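Chemist: What follows is a predicted protein model with its sequence.
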Amino acid sequence: MTTNEKSDFIREIIDEDLKTNKFEGRVHTRFPPEPNGYLHIGHAKSIRLNYEIAKDYQGKFNLRFDDTNPEKEEQEYVDSIIEDVKWLGGDFEDRLFYASDYFEQMYEFAVALIKKGKAYVCDLSADEIRSTRGTLTEPGTESPYRNRIVEENLILFEQMRKGNIPDGTKTLRAKIDMASPNINLRDPIMYRIVHEGHHRQGDKWCVYPTYDWAHGIEDSIEGITHSICTLEFENHRPLYDWYINELGIYHPQQIEFARLNITYTMLSKRRLLQLVQEHHVSGWDDPRMPTIVGFRRRGYTAESIKMFCDKIGVSKKDSIIDVAMLEWSIREDLNKNAQRAMAVLNPVKVIITNYPENKVEELPAVNNPEDESAGTRIVPFGRELFIEQDDFREVPPPKYYRLSPGTEVRLRYAYIIKCAKVIKDAQGNIIEIHCIYDPETKSGLPTANRKVKATIHWVSAHDAVNAEVRLYDRLFIKEDPDEVEEGKDFLSNLNPNSLQVLTHCKVEPMLGAAAPGDRFQFERVGYFCTDAKDSKPGAPVFNRIVTLKDTWAKIVQQGKK
RNA sequence: UGGGGUGUAGCCAAGCGGUAAGGCAGCGGCCUUUGGAGCCGCCACUCCCAGGUUCGAAUCCUGGCACCCCAGCCA
């Protein structure tokens, strides 16, 4: 096996099927979302898995909405899902399908099952069905309507469809085995009556198929070969197979894999909806959300998410991926591709007292040290600058390399400066740092190579652009957001500091013209993305995508232990 | 207590009877005009446990144990 050949248990199954010619050499996968919410990174894992498999085996990949429940589904979700799947590179070409387009066919199949004596109309209420289903250890009891004659079932089912039977009073059930150890086989419900408009079908239907009944039919109609889903559907596979076998239709193979979990991250659609509805976040696209729209607004690239999905692999083991893996993916991408810039988030003024009063120099700065073709740009330098408050300490702690009274640092792309004096206000806050520069140390000069411990970034005070910077941190303070004290829920694990807004940042001129969605590395700070909604020309707003790895922070951290 | 799954390092994950890949994290060092990046090195004498088969077992057999899923007219 070559090193770059992918291998996982699903591909092994496909290889075997190819060998035995189970599907005449075809590979056809699908991603079947229910349009009841926005896609999150867990869906990205599934999209990439299904798409990559189809691509690698020269097969096909479908996008199919599993829109069988009108009570929860909306067109807004359909639209966002299509956009997100495309953004993630899931190319379904012209194969965009809707389960609801198969409703007539499903209805006919149901009639066929009734005629076979394998399905019946049941008058039991939801409560009665629950109480007759039995338990995990005890068998259920048969419905008194189980042996209705075919003709009666046909008539009643038609009436259900016509809409003259109230919600919840009748269902169509498969006649399987009330004593099965697999509860899914205890006469499962195929249709329920729901008088609710459907986002695509309008009022055409008032009976809606359940997942188990619908899904295999959908896969079969589309000629799917490998129907890949998550582990919780493993118990449903016998039912998936039963329906298809009884119908005698083309039979795809269902395969289950472990869904994605990430530390400090909530990936439950229901809970993400709750975060949005209760305004714990600004919306589905809040940059702290693990949704695809959230990651996109935050500044994550599609490429980084693809890399992440490749790296985590696929198996049947319940797993929780370290969020550091995700952060690694975006740094890996942006280190190679992001334009560098200088931005001072928490500014303090530096005055270079021996630098001429009105002099301005235009200094060349490298756009990307990892990519020579990115070229250079010009940054203005002058007598008054802003530097990061963190880059100066009046009393430097051990191993602190940056500026402090009497020490020297290099200003990136400029000169070496030495701190001569600290100016404070009446409260003792540092308001100015007076330095002297050494003209011989200008970057590029042969005499510039004097070693100093640190290089710091800066922005010319005269030319600085004011910016807002939003520092995002993890949304939850616990690795497992669901790990809570008695009586509390996951909301108690929300990180109160997940968003910090800085409104007085000073950034280099080039950043004033940044377009929405542009990504930068603010040197020594992190990767940032111009906010697509709130950033304006001349008044830019930047989202922090991820920090740079910070060795100094680690030293500080270790010092505290 | 029924059924279905899963156990390889802190987190993922290869491995398919021939003597434990790789990545993330971590830890050293080198290099550096980003405390970034890069480079080098370290990081499982052992694969949930106990027996057995075998010249040889993470891989096969037997018996345990732990964890996850299932009692929606959700998907």
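Modeler: Alright, I've got the coordinates.

Chemist: Count the neighbours of the residue in the stretch 301-450 of chain A positioned nearest to RNA strand B for me.
Modeler: Relative to RNA strand B, the nearest point of the stretch 301-450 of chain A is A:S443 (2.7 Å; C-beta to the nearest atom of the strand). Glycine gets a C-beta too; all of them are placed from N, C-alpha and C. Counted by other C-beta atoms under 10 Å, the residues lying close to A:S443 total 17.

Chemist: and the closest residue to A:I456 other than its chain neighbours, how many neighbours does it have?
Modeler: In space, and not counting its chain neighbours, A:I456 is closest to A:D391: 4.5 Å by C-beta to C-beta, 6 or more residues apart in numbering. For A:D391, the neighbour count with other C-beta under 10 Å is 22.

Chemist: residues contacting A:D391?
Modeler: A:402-403, A:409, A:454, A:456-457 (C-beta atoms under 8 Å, 6 or more residues apart in numbering).

Chemist: quick one: the helix or strand bottoming out on mean pLDDT in chain A near RNA strand B?
Modeler: Least confident helix or strand, chain A: helix A:551-560 with a mean of 89, by mean pLDDT, DSSP states H and E. Yes - applying C-beta under 7 Å from any atom of the strand, one finds helix A:551-560 in contact with RNA strand B at A:551-552, A:554-555, A:558.

Chemist: Flag every buried residue along that helix.
Modeler: In terms of neighbour count (16 or more other C-beta atoms under 10 Å), helix A:551-560 has no buried residues at all.

Chemist: okay, that helix in CSV with CA atoms only?
Modeler: This file holds the C-alpha atoms of helix A:551-560, laid out as CSV (Å, rounded to 0.1, in the frame of the first residue of the first chain):
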residue,chain,number,x,y,z
THR,A,551,5.8,30.5,23.9
TRP,A,552,5.9,33.4,26.2
ALA,A,553,2.4,32.7,27.4
LYS,A,554,3.6,29.2,28.2
ILE,A,555,6.5,30.5,30.2
VAL,A,556,4.2,32.8,32.2
GLN,A,557,1.8,29.9,32.7
GLN,A,558,4.6,27.6,34.0
GLY,A,559,5.8,30.4,36.3
LYS,A,560,2.4,30.4,37.9
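
Chemist: So which elements touch that helix?
Modeler: Judged by 3 or more C-beta pairs under 8 Å, 6 or more residues apart in numbering; DSSP states H and E, helix A:551-560 has no packing partners among the helices and strands.

Chemist: For A:E432, give me its contacts.
Modeler: Counted by C-beta under 8 Å, 6+ apart, A:E432 has contacts A:348-351, A:422-423.

Chemist: and with 10 Å instead?
Modeler: Going by C-beta atoms under 10 Å, 6 or more residues apart in numbering, A:E432 touches A:348-351, A:384, A:421-425.

Chemist: now that we have those, which one has the most neighbours?
Modeler: Neighbour max across these (other C-beta under 10 Å) = A:V350, 25 neighbours.

Chemist: Checking the residue nearest to A:F103 when sequence neighbours are not counted next. Helix, strand or coil?
Modeler: Nearest residue to A:F103, sequence neighbours excluded (C-beta to C-beta, 6+ apart): A:W205, at 5.9 Å. At A:W205 the chain is in coil, as set by DSSP: H, G, I helix; E, B strand; the rest coil.

Chemist: neighbours around A:W205, how many?
Modeler: 22.

Chemist: quick one: it from RNA strand B, how far?
Modeler: To RNA strand B, A:W205 is 12 Å away according to C-beta to the nearest atom of the strand, to the nearest Å.

Chemist: Could you pull up the contacting residues of that residue?
Modeler: A:70, A:100, A:103-104, A:107, A:161, A:163, A:191, A:193-198.

Chemist: Equivalent analysis for A:C419, please.
Modeler: Contacts of A:C419 (C-beta under 10 Å, 6+ apart): A:350, A:392, A:394, A:402-409, A:433-436.

Chemist: quick one, phi psi at it?
Modeler: Backbone geometry at A:C419, expressed as degrees, to the nearest 10, gives phi -80, psi 120.

Chemist: Which residue ranges of chain A form helices?
Modeler: Secondary structure of chain A by DSSP state H: the helices cover A:9-20, A:41-56, A:75-87, A:103-115, A:126-132, A:150-162, A:211-222, A:237-247, A:269-277, A:292-298, A:302-312, A:323-337, A:551-560.

Chemist: So which residues on the stretch 101-250 of chain A come close to RNA strand B?
Modeler: A:124-126, A:129-130, A:133, A:135-137, A:167-171, A:181-184, A:188-189, A:192-194, A:208-212, A:214-215, A:231-236.

Chemist: switch the cut-off to 6 Å
Modeler: A:125-126, A:129-130, A:133, A:135-137, A:168, A:171, A:181-184, A:189, A:192, A:210-211, A:231-232, A:234-235 (C-beta under 6 Å from any atom of the strand).

Chemist: Could you report the pLDDT at A:T3?
Modeler: We note a pLDDT of 38 for A:T3 in this prediction.

Chemist: quick one on the thing from earlier: please spell out the ChimeraX selection for the buried subset of the contacts of A:D391.
Modeler: Restricted to buried positions by 16+ other C-beta under 10 Å, the ChimeraX selection for the contacts of A:D391 reads:
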select /A:402,403,409,456,457
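
Chemist: returning to what we had before: now the contacts of A:W205 in CSV, with neighbour count?
Modeler: As requested, the contacts of A:W205 are exported to CSV (neighbours: other C-beta atoms under 10 Å):
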residue, neighbour count
A:P70, 21
A:S100, 23
A:F103, 21
A:E104, 11
A:Y107, 18
A:R161, 18
A:G163, 13
A:Y191, 24
A:I193, 20
A:V194, 17
A:H195, 13
A:E196, 14
A:G197, 12
A:H198, 20
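
Chemist: closest to RNA strand B among those residues?
Modeler: A:I193 (6.0 Å).

Chemist: Tell me the bridge partners for the closest one.
Modeler: Beta-bridge pairing for A:I193 (DSSP bridges): A:V207.

Chemist: sorry, back to before: and for the least confident helix or strand of chain A, what are the contacting residues?
Modeler: Contacts of helix A:551-560 (C-beta under 10 Å, 6+ apart): A:390, A:397-402, A:454, A:524, A:547, A:550.

Chemist: I'd like these laid out as TSV, including pLDDT and distance to A:K506.
Modeler: Listed next are these as TSV, based on pLDDT from 0 to 100; distance: C-beta to C-beta, whole Å:
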residue	pLDDT	distance to A:K506
A:D390	96	14
A:P397	94	25
A:P398	93	29
A:K399	93	27
A:Y400	96	23
A:Y401	95	22
A:R402	97	18
A:A454	96	20
A:R524	98	15
A:T547	98	19
A:D550	96	21
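
Chemist: Right, I'll leave it there.
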